[in-house]
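Visitor: Let me see the structure of the following:
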Amino acid sequence: MKKRKRTTTGRNFDMFGHPYLLAALTGFVSGFIVSIPVGPINVTIINEGARRGLLWASLIGFGASAMEVIYCGLAFTGFASFFNGVVLKAAMELVSFIFILYLAIRFLKTKEVSGCTRVGEKLGKRLKPHSAFGVGFVRVMLNPGVFLCWVVLGASFKARDWVGNSFSDVFWCVAGVGAGTCAWFTGLSYAVSRGHGKFTEKTLLRMEHGSGLVMLGLAVAEGVHIVVQMVQHKMQLGPKP
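Guide: Model prediction:
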């Protein structure tokens, strides 16, 4: 009997025992991590959670998560699917490394969060949602950087075969993103509602720097992965005759 050839995607999925578990886990971890940096949504949740309580802050987070899921889905179906060739995959790995390293440096160099608050207030005035869910939804919708982030990350995930090209693979990844963002925003809402004003500017800066360290670790891992691939490729070519 002819043995079935195992693809790179198959090898990755076998590590987790289910064909869609890796896609869902990738989405959850990435959704959770990209939600940590202090931006308009986190600042709004912190302010509103201390003033109006857990439910109101959680609904803002759910609205933000809904728009994150839409942007993520559009990025996967509209742009990430183009990066399927070997050369394009290698290029996206390099772009992903540069992008993550840039975010890490940007977060680590942050010295104040007042700018985030001003941005949040400015965006909120463009549209006037009357519900907490609408506030979160609109503020993410008016931030094109979120969409760009998911375009880069989505292409990077596909380049590594962490997420396949089928609808089911993309669905589970996007569902994981929704779960990851909801987990962060709900946890932040709960902490703020119980913290009674303990989220000072110093605390916010620590959150920002902490997310920068996480991003820096991911960038280092990404760089090591690229170097290892280059060495393996050179070894496969072998010495010149």
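Visitor: Only C-alpha atoms from now on, for both contacts and neighbour counts.
Guide: Will do.
Visitor: Can you give me the buried ones in the longest helix along the chain?
Guide: Longest helix in the chain, counting residues (DSSP state H): helix 201-237. Neighbour-count burial for helix 201-237 flags 204-213, 215-216, 218-219, 222-223, 226 (criterion: 16 or more other C-alpha atoms under 10 Å).
Visitor: so what does it touch, helix or strand wise?
Guide: Here helix 201-237 touches helix 86-108, going by 3 or more C-alpha pairs under 8 Å, 6 or more residues apart in numbering; DSSP states H and E.
Visitor: and the angle for the helix it packs on with helix 201-237?
Guide: Angle, helix 86-108 to helix 201-237, by axes from the mean of the first three to the mean of the last three C-alpha atoms, to 10 degrees: 150 degrees.
Visitor: please begin residue numbering at 35 from this point
Guide: Renumbered: residue one is now 35, and that last one reads helix 120-142.
Visitor: how far is helix 120-142 from where the chain is centred?
Guide: 13 Å (C-alpha atoms, centre = their mean, to the nearest Å).
Visitor: how many other residues sit next to the closest residue to residue 69 other than its chain neighbours?
Guide: Nearest residue to residue 69 in three dimensions, chain neighbours excluded: residue 215, at 6.0 Å (C-alpha to C-alpha, 6 or more residues apart in numbering). Residue 215 has 28 neighbours, counted by other C-alpha atoms under 10 Å.
Visitor: now swap in residue 83 and tell me
Guide: Neighbour number of residue 83 under other C-alpha under 10 Å is 26.
Visitor: Also the one 4 residues further on?
Guide: For residue 87, the neighbour count with other C-alpha under 10 Å is 19.
Visitor: go on, residue 133?
Guide: 16.
Visitor: where's it relative to residue 140, distance?
Guide: As for residue 133, its distance to residue 140 is 11 Å (criterion: C-alpha to C-alpha, to the nearest Å).
Visitor: now residue 248
Guide: When distance is defined by C-alpha to C-alpha, residue 248 is 12 Å away from residue 140.
Visitor: After the lowest-mean-pLDDT helix or strand in the chain, heading C-terminal, what element do we hit next?
Guide: Of all helical and strand segments in the chain, the minimum by mean pLDDT, DSSP states H and E falls on helix 42-48, at a mean of 44. Per DSSP states H and E, the first helix or strand lying C-terminal to helix 42-48 is helix 55-68.
Visitor: Just the buried residues of that following helix, please?
Guide: In helix 55-68, counting by 16+ other C-alpha under 10 Å, buried: 55-62, 64-68.
Visitor: Adding distance to residue 200 as columns, could you present those residues in TSV?
Guide: Shown next, in TSV, are those (distance: C-alpha to C-alpha, whole Å):
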residue	distance to residue 200
55	14
56	14
57	11
58	13
59	16
60	15
61	15
62	18
64	20
65	20
66	23
67	25
68	24
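Visitor: of all those residues, which comes closest to residue 102?
Guide: residue 65 (8.5 Å; C-alpha to C-alpha).
Visitor: if we can go back for a sec, my guess is the residue nearest to residue 69 contacts residue 66. True?
Guide: Yes. Here residue 215 reaches residue 66: they are 5.0 Å apart, a contact under C-alpha atoms under 8 Å.
Visitor: what ranges of the protein fall below the confidence cut-off?
Guide: 35-53, 113-123, 146-162, 230-235, 267-275 (pLDDT under 70).
Visitor: Repeat the analysis, applying 50 as the threshold.
Guide: Within the chain, the set of residues satisfying pLDDT under 50 comprises 35-49, 51, 149-151, 153-154, 274.
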